[in-house]
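Trainee: any chance you can model this:
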Amino acid sequence: MSSTLPLPRDPGSSADFRAVADWLAGLGLERYAETFSRNDIDWDVVAELDHETLRSLGVSSLGDRLRLLKAARSARYDATPATAPAGVRIDEPAAEYRQLTLVFCDLVRSSALARRLDAEAYQQLIHRYHRIVGGVVERHDGYVAQ
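Mentor: Model prediction:
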């Protein structure tokens, strides 16, 4: 089962929609091919799919949405001449824009707290705080880079 997306030969062409249908079939999700075609989902759009868009297309299964998103995400980086179907030209990769959200959290009165607690207790408290915040970020498909 390959999740590799070939880069578009002619975005919006019927060959492009057939290639998306073949990709869906390779994922075992061919039941969505007609919906993708009817909504003009071609390679350019596949790369932009998110949970909400898939939900609005009628992909109600969380598992199916996760499989589609994972395959689309990995396919952005995996399209090489060795993995592309015959007859599909591989263009040079285009620049990629990624959404980046930065969060800065300041613990109110943490200096006073550090003075009150011994170093080990304060360190344990901060580690627990980081684990909790990290869990929240990960539940929202985020990544904590420290």
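Trainee: CA only for contacts and neighbour counts going forward, please
Mentor: OK.
Trainee: roughly how far does the residue lying farthest from the centre of the chain sit from Y122?
Mentor: Using CA atoms, centre = their mean, the residue of the chain lying farthest from its centre is R116. It sits 43.2 Å away. As judged by CA to CA, to the nearest Å, R116 and Y122 stand 9 Å apart.
Trainee: how near is I126 to L113?
Mentor: In terms of CA to CA, I126 sits 11 Å off from L113.
Trainee: give me the pLDDT for the residue farthest from the centre of the chain.
Mentor: pLDDT, R116: 91.
Trainee: equivalent analysis for the one 10 residues further on, please.
Mentor: Confidence at I126, expressed as pLDDT, is 87.
Trainee: for the longest helix along the chain, buried residues please.
Mentor: Longest helix in the chain by number of residues (criterion: DSSP state H): helix 119-139. Residues of helix 119-139 classed as buried: Y122 (neighbour count, 16 or more other CA atoms under 10 Å).
Trainee: ok, now stretch 55-71?
Mentor: By 16+ other CA under 10 Å, the buried positions in stretch 55-71 come out as V59, D64, R65, R67, L68, L69, A71.
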